[in-house]
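Undergrad: using only what follows, build the 3D model:
(one chain, ligands or ions: 2)
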Amino acid sequence: MEEYEALYNKGLEMLKLKKYDDAILYFNKALELNKRYKEAYEKKGDALLTLGRTDEALNCFTVATNLDPDYVEAWEKKEAAHLLRGDYDDAIKCLDNITRIKPDDERAWLDKGSLMLNLHRFRSAVECFDKAIGINPNSEGVVKKEEALKHIGGVTKREVTRLIKKICILGDGAVGKTSLIRRYVHDVFDDKYLSTIGAKITKKVITLKYHGAKPDVVLTFMIWDIAGQKDYNNVHPTYYQGAEGALVVCDITRKETLESMSQWVESLYAVANKVPIVFLANKSDLKMQAAFNENDMKNTAARFKIPSFFTSAKTGQNVEEAFSTIGRELLKGEE
Ligand SMILES: Nc1nc2c(ncn2[C@@H]2O[C@H](COP(=O)(O)OP(=O)(O)OP(=O)(O)O)[C@@H](O)[C@H]2O)c(=O)[nH]1
Ligand SMILES: [Mg+2]
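TA: Ligands and ions are numbered 1, 2, ... in the order given. Here you go, the predicted structure:
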C-alpha cells in the first residue's frame, strides 16, 4: 500500500470515531503526497461539513469534481452542501451533473424533479418526472408529475410572491418537536435527511392572501428538525445556519424543559442573530399533569419579548396558529 493510502485509511478510521479534526489532518497529509487524490478530498469535505465548515467542505467537493467530473458521490455531497447554504441553483447544477452521469437512474431524476417541485419550477419538474417514468413506467414520478401539473394549471397565472424560509424547531428531548411538525405538515420534502448533521427537513407551503391589494405570498417553510441531538450544547452549527426563524418547544409536564428554553434561544442567537422565535408549551392536553402554568410560560417568553402558545400535537390545539405566527413574523422582514 502506498503511504498516502495508509494515511487516507487512518483518516477514515478517525471519521468513524467522530474525531473529525484528526481525520482532516490525515486527509491533508495524504493530499500532500498525492494532490490528485479525489477520495481524500471527498472525505475531508465530509469531516468539514460535519464540523459546520460548509464553505470549506464545498471547496473540497469542488476540487474532487474538478479532478473527476464523473465522480457521482462528490456531486451528491456538493448538492447537500449547497442545500445547506440555501444555494438552490447551485444544487440544481449538481443534480444536472448527476443525471448526466447516470441518465438511466430513476432515483436521480426523481430527486431532481422533487427539488424543482419544491422550488416551484413546475415545468422543469414535469420534465424530470417524465424521464423517471420513461425509465420505469410504474415510477413514483407518475404521482409527482400529476402534482406538478396541477400547479401549472392554476397558480402560475396569478401574480404571486414566492418566498422560501428556513425555520428550526428546538427544545429538549421528547417535548414533541417531531410530533408538532407531523401534525402541521402533510407535505414532506422527500424526507430529505442530512445524516452528517442529524437533521431532517420537512416542507410546508402556505399562501397568505392579500385580496388584490398586493400579490399573494406563497411562503414555503423548510422546517428543520433536530435528530439525535437533544442538548443545546451539542447542536450542530450548520443546523442553525441560515435559519430565519425558530419554534422553541417545552413540555408542560416537565418544568426543566421550560427552564432550558432560554438556553435554546441563546444558542440560536449565537449563530443566527436575533431571528423571530415563537415559544410553544406543548402537550397542553395533559393538563392534570402540568408542572407549570401560563404565567410561568409568559414570564419566560417576556424576557425575550417572544410570543407564546400552549399547543397540543395530540389534539392539534394552536398548532396552525403557532406556525402562522412565525410566518407573519418572517414576512415583517420582507416588507
Ligand atoms: N399527550 C401528548 N403527547 C405528546 C404530544 N406531543 C408529543 N407527544 C408524545 O411525546 C413523545 C415525544 O414526542 P416527539 O415528537 O418524538 O418529541 P421530540 O421533541 O421530537 O423528541 P426528540 O426528537 O427525541 O427530541 C411521544 O411519545 C409523543 O407521542 C402532545 O401534544 N400530547
Ligand atoms: Mg424528534
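
Undergrad: show the pLDDT at G153.
TA: G153 is assigned 69 on the pLDDT scale.

Undergrad: how near is D104 to E79?
TA: D104 sits 19 Å away from E79, taking C-beta to C-beta, to the nearest Å as the criterion. For the C-beta atoms, the positions are set from N, CA and C on the backbone; glycine is no exception.

Undergrad: compare those two and say which is more crowded by neighbours.
TA: E79 (23 against 11; other C-beta atoms under 10 Å).

Undergrad: since we're on the residue nearest to the more buried one when sequence neighbours are not counted, how many residues are nearby?
TA: Nearest residue to E79, sequence neighbours excluded (C-beta to C-beta, 6 or more residues apart in numbering): C94, at 3.7 Å. For C94, the count of nearby residues is 24 (other C-beta under 10 Å).

Undergrad: please state the offset of stretch 17-31 from the chain centre?
TA: Here the centre of stretch 17-31 is set off from its chain's centre by 26 Å, with C-alpha atoms, centre = their mean, to the nearest Å.

Undergrad: in it, what counts as buried?
TA: Of the residues in stretch 17-31, those buried under the neighbour-count criterion (16 or more other C-beta atoms under 10 Å) are Y20, D22, A23, I24, L25, Y26, F27, K29, A30, L31.

Undergrad: nearest to F279, of the residues you listed?
TA: Comparing those against F279 with C-beta to C-beta picks out Y20 as the nearest, at 33.2 Å.

Undergrad: how near is that closest one to L84?
TA: Distance from Y20 to L84, by C-beta to C-beta: 16 Å.

Undergrad: what's the closest non-adjacent residue to F279?
TA: Closest residue to F279 apart from its sequence neighbours, by C-beta to C-beta, 6+ apart: S308 at 3.9 Å.

Undergrad: surely D130 and G141 touch.
TA: Yes: between D130 and G141 there is a contact at 7.5 Å, judged by C-beta atoms under 8 Å.

Undergrad: and these two? Which one has more around it.
TA: Counted by other C-beta under 10 Å, D130 and G141 do not tie: G141 has more neighbours, with 26 against 15.

Undergrad: now do the contacts for the more buried one.
TA: By C-beta atoms under 8 Å, 6 or more residues apart in numbering, the residues touching G141 are E106, W109, L110, G113, C128, F129, D130, K131, A132, I133.

Undergrad: for L31, pull up the helix or strand it's in.
TA: Using DSSP states H and E, L31 sits in helix 20-33.

Undergrad: who does that helix touch, helix- and strand-wise?
TA: helix 3-16, helix 38-50 (3 or more C-beta pairs under 8 Å, 6 or more residues apart in numbering; DSSP states H and E).

Undergrad: so which elements touch the shortest one?
TA: Spelled out, that is helix 38-50. helix 3-16, helix 20-33, helix 54-67, helix 72-85.

Undergrad: just put these in JSON lines and tack on distance to R162 and mean pLDDT.
TA: Formatted as JSON lines, those follow (distance: least, C-beta to C-beta, whole Å; pLDDT from 0 to 100):
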{"stretch": "helix 3-16", "distance to R162": "39", "mean pLDDT": "96"}
{"stretch": "helix 20-33", "distance to R162": "37", "mean pLDDT": "97"}
{"stretch": "helix 54-67", "distance to R162": "25", "mean pLDDT": "96"}
{"stretch": "helix 72-85", "distance to R162": "18", "mean pLDDT": "90"}
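
Undergrad: for R254, which of these is the nearest?
TA: Short answer: helix 72-85, nearest of the helices and strands packed on helix 38-50 by C-beta to C-beta, at 31.9 Å.

Undergrad: before we move on, the earlier item: out of the buried residues of stretch 17-31, which comes closest to ligand 1?
TA: Y20 (23.2 Å; C-beta to the nearest ligand atom).

Undergrad: which residues touch the closest one?
TA: M14, A47, L48, T50, L51.

Undergrad: swap the cut-off to 7 Å and go again
TA: With contact taken as C-beta atoms under 7 Å, 6 or more residues apart in numbering, Y20 is in contact with A47, T50, L51.

Undergrad: now do the first one, the pLDDT please.
TA: What the model reports as pLDDT for A47 is 94.

Undergrad: same check, this time on the last one
TA: Confidence at L51, expressed as pLDDT, is 88.

Undergrad: hmm, back to that, output the buried residues of stretch 17-31 as TSV; include the columns distance to E259.
TA: As requested, those are exported to TSV (distance: C-beta to C-beta, whole Å):
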residue	distance to E259
Y20	31
D22	36
A23	36
I24	37
L25	40
Y26	42
F27	42
K29	46
A30	47
L31	47
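
Undergrad: of the residues you listed, which is the nearest to ligand 2?
TA: Nearest to ligand 2, judged by C-beta to the ion, of the buried residues of stretch 17-31 is Y20 at 24.0 Å.

Undergrad: for L119, see how far away that closest one is.
TA: Applying C-beta to C-beta to Y20 and L119 gives a distance of 31 Å.

Undergrad: let's verify the residue lying closest to S260 once chain neighbours are set aside: helix, strand, or coil?
TA: The shortest distance from S260 to any non-neighbouring residue, by C-beta to C-beta, 6+ apart, is to D172 (5.6 Å). Of the three states, D172 takes coil under DSSP: H, G, I helix; E, B strand; the rest coil.
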